[in-house]
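> Predicted model follows, preceded by the sequence.
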Amino acid sequence: MNKALLILLMALLPLPTLAYKGPVIDMHFHALPGAESGGPELPRNQATTAAAMAALQEYNIVLAAISGPEAYLDAWPAKLESTELLKGVIFPCVAGKNPSSRRYSCYRPEHASADGNFPDIDWLRAQYASGNYAVMGELYNQYAGISFNDPQMHPYYALAEELGIPVAFHTQSGPPLTARLCCPAFRLANGNPLLLEDILIRYPKLNVQIMHANPLVYPEVLDLLIQFPKVYVDISPWQLAYTREKFHRLIKEYADAGLSSRILFGSDGHDFGKALAAYESAEFLSEAQLEGILCKNAERFLGRKGLCDKPQD
């Protein structure tokens with residue numbers, strides 16, 4: 001075969017993907033029990049508790065940060081056989097209900113603020129002190145129509161900064177017709193990550209995770225990461241919501257800015273196999289970058305050494 005033709009054919013072949021086999025840290029997972037656990041029926045794309053627990057084990061998730069209402073968090077153990085769980089309650093809520101669905105209560109009445117929309121701060125402090133909770137959020141300000149800088153939020157930021165608790169903020173967008181079908185207070189304008197700037201300046205020691213951080217829509221998020229080295233991002237659910245090509249463009253925005261070391265893997269409670277494949281197929285990522293995104297970046301963000309060195313079963 002002509003050498004030039006052979007080179008051309010080789011160039012047309014798809015590049016091999018990196019088959020990552022190491023430990024994974026999932027920084028965006030939802031504790032949503034199914035009907036068999038006493039909760040309401042779930043949307044079709046959500047796993048029941050038993051299936052979700054099995055998936056964490058199957059895909060070598062050594063640690064998962066799980067958020068949800070108090071009762072649902074209580075349905076999960078502190079640790080599975082090979083997966084450590086970091087729990088955190090959602091807030092702010094609306095009329096005491098999860099603002100992203102309005103279907104279930106956020107907290108037991110004795111653990112809530114007078115209006116039911118925030119966790120009682122003394123109770124929350126006790127949960128962190130006992131080790132029952134270890135993260136704050138997902139914070140649903142955008143769904144609840146409460147600004148990140150609302151005075152009601154500041155005691156919680158101060159508590160998180162004092163205790164070194166990571167805080168995860170929902171940003172960017174939501175499902176189609178969110179304000180009409182679900183959450184009247186939801187506004188796209190309140191999803192810009194740049195709205196966190198005042199919080200980051202006022203609480204310089206706060207460990208912040210910006211969820212759904214999408215530089216294709218909000219390029220300002222890259223400037224936030226440059227200005228605030230303690231800020232990390234997760235880019236779920238775009239690994240499933242976007243075409244593979246578009247998702248790779250999103251990752252490349254971070255990589256080209258030298259910021260891939262600030263990406264945290266998050267499944268957003270969806271299919272681990274497809275989520276991991278979306279990263280593994282990004283041929284421009286080095287093995288070290290991929291390992292960082294899937295595990296080591298979160299290890300550094302949490303200040304936990306050795307999580308990513310655990311041997312596989």
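Nice, I can see it.
> make it CA atoms for all contacts and neighbour counts henceforth
Noted.
> mind listing the strands for the chain?
24-30, 61-68, 84-89, 136-139, 167-170, 208-211, 231-234, 263-264 (DSSP state E).
> what number of residues lie near D115?
D115 has 12 neighbouring residues, counting by other CA atoms under 10 Å.
> so it makes contact with A95?
Yes. Counting by CA atoms under 8 Å, D115 touches A95, with 6.9 Å between them.
> sorry, back to before: which one of the strands of the chain is the most hemmed in?
Highest mean neighbour count of the strands of the chain: strand 263-264, a mean of 28 (counted as mean count of other CA atoms under 10 Å).
> Can you name every helix or strand that that one contacts?
strand 231-234, helix 297-302 (3 or more CA pairs under 8 Å, 6 or more residues apart in numbering; DSSP states H and E).
> Relative to V135, which of the ones you listed is closest?
Nearest to V135 among the helices and strands packed on strand 263-264 is helix 297-302; the distance by CA to CA comes to 9.8 Å.
> right, so of the helices and strands packed on strand 263-264, which gets closest to A51?
Closest to A51 of those, according to CA to CA: strand 231-234, at 23.2 Å.
> Starting from the closest one, tell me which strands it pairs with and how they run.
Looking at strand 231-234 with DSSP bridges, its partner strands are strand 208-211 (parallel), strand 263-264 (parallel).
> Mean confidence (pLDDT) on that strand, please.
Averaged across strand 231-234, the pLDDT comes to 98.
> show me the contacts for S67.
28-31, 73, 87-90, 137-138 (CA atoms under 8 Å, 6 or more residues apart in numbering).
> Surely F301 and P229 touch.
No. Between F301 and P229 there is no contact under CA under 8 Å: 10.4 Å.
> Which one's more surrounded, the two?
F301 (18 against 12).
> Need the residues that contact the top helix by length along the chain.
Scanning the chain for the longest helix, with DSSP state H as the assignment, gives helix 244-256. With contact meaning CA under 8 Å, 6+ apart, helix 244-256 is reached by 214-216, 222, 238-239, 260, 278-279, 282, 284-285.
> how about a cut-off of 7 Å?
Residues from elsewhere that reach helix 244-256 (CA atoms under 7 Å, 6 or more residues apart in numbering): 214-216, 238-239, 260, 278, 282.
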